[in-house]
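Asker: Pasting a predicted model and its sequence here:
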Amino acid sequence: MMKIAVLGATGRTGGLVVEQALKRGHRVVAYVRRAGALQASEGLRMEVGELIDTERLQSALSDVDAVICCLGTHRHKPVDLMRTNLPLIVLAMKRTGRTRLILLSAYGVGETAKTASLIARILYKTMFRSIFHDKEHSEAGLAKSGLDWTAIYPVGLTDGPLIEAVEVHPTNEVKTVKGLPLVSRANVAKALLDAVEDRRTIGRRLLVTSTGSVR
C-alpha cells in the first residue's frame, strides 16, 4: 500500500486515478482548488489550495510516496498550464524530499510525434499545437530534475470502460503507430498506477495505445 498525491484529481482522468487507487488499497491525497470537489471516501484526504500556494502544496506532498500529475487543458489557444505549474510541482517535491513523479502527457508531444501517422501529425500540428507545445517545453527539464519520473503518453482519449486490449510500450522502442488509435481514460489511469507500483519504469516514457496499433 502506498500514499499517493494526485494533482488534477477533479479531471476526467484524474478522478479515475483516485477511484482506482483507492480500489487497489492505496491512500490518496487529492490536492484540489475547492473543498468538496470530490466525494468523501475511505482512504481519501482532500487538501485545498492552488499550485502557486507553495506552502500548502508542500504540506500536501510532505508525506506521500509518489505524486501523479494529471493536469490538462482543453483550450485550443496558446496555453502555458504545464510550463507554469510543472516547475512548481518539481520544486515542491524537492523541498519535501519526495522523488517519485508520474506525469500524464500525450502521444504526439515532442519526439513521440515522429512515430505517428501522417494524419495524426497533421492534427498535432494544428488542432493540438498550443497544448502540445506547452507540454513539450514543460517536460524538457524532466531528465535533469533529480526526480524518479515516469511520463505516460496516451493516444486519443475516450470515456470508455477499462478493457484488456491495450498495450504499453517504451516510446523509444516504437517504430510506427498506425492511424488514429484510441484508448480509454480508465486504461490510462490504470497505466499511471501501474507505473507508480513498478520502479522499473523510472526514467521511461511510455506509450499507452490500443492493441495492434504499434509496429
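Answerer: Yes, it's here.

Asker: how about the lengthiest helix in the chain as PDB, C-alpha atoms only?
Answerer: Assignment by DSSP state H gives helix 81-95 as the longest helix of the chain. C-alpha atoms of helix 81-95 as PDB (Å, rounded to 0.1, in the frame of the first residue of the first chain):
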ATOM      1  CA  LEU A  81      -0.600  25.500 -17.900                       C
ATOM      2  CA  MET A  82       2.300  22.900 -17.700                       C
ATOM      3  CA  ARG A  83       5.200  25.400 -18.300                       C
ATOM      4  CA  THR A  84       3.800  27.400 -15.300                       C
ATOM      5  CA  ASN A  85       2.900  24.600 -13.000                       C
ATOM      6  CA  LEU A  86       5.200  21.600 -13.500                       C
ATOM      7  CA  PRO A  87       8.200  23.600 -12.200                       C
ATOM      8  CA  LEU A  88       6.200  24.500  -9.100                       C
ATOM      9  CA  ILE A  89       5.400  20.800  -8.600                       C
ATOM     10  CA  VAL A  90       9.000  19.700  -9.100                       C
ATOM     11  CA  LEU A  91      10.200  22.400  -6.600                       C
ATOM     12  CA  ALA A  92       7.700  21.400  -4.000                       C
ATOM     13  CA  MET A  93       8.700  17.700  -4.300                       C
ATOM     14  CA  LYS A  94      12.400  18.500  -4.000                       C
ATOM     15  CA  ARG A  95      11.800  20.800  -1.000                       C
END
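
Asker: What's the first helix or strand after that helix?
Answerer: strand 100-104 (DSSP states H and E).

Asker: and that next one, average pLDDT?
Answerer: Confidence over strand 100-104 (mean pLDDT, whole number) is 98.

Asker: Then stretch 190-200?
Answerer: 98.

Asker: Quick one: neighbours of the closest residue to A37 other than its chain neighbours, just the number.
Answerer: Once flanking residues are discounted, A37 sits nearest to T10: 5.0 Å by C-beta to C-beta, 6 or more residues apart in numbering. C-beta coordinates here come from the backbone N, C-alpha and C atoms, glycine included. Residues contacting T10 under the criterion other C-beta atoms under 10 Å number 15.

Asker: Next: A151.
Answerer: 23.

Asker: With L118 instead?
Answerer: As a measure of burial, L118 has 8 neighbours, counting by other C-beta under 10 Å.
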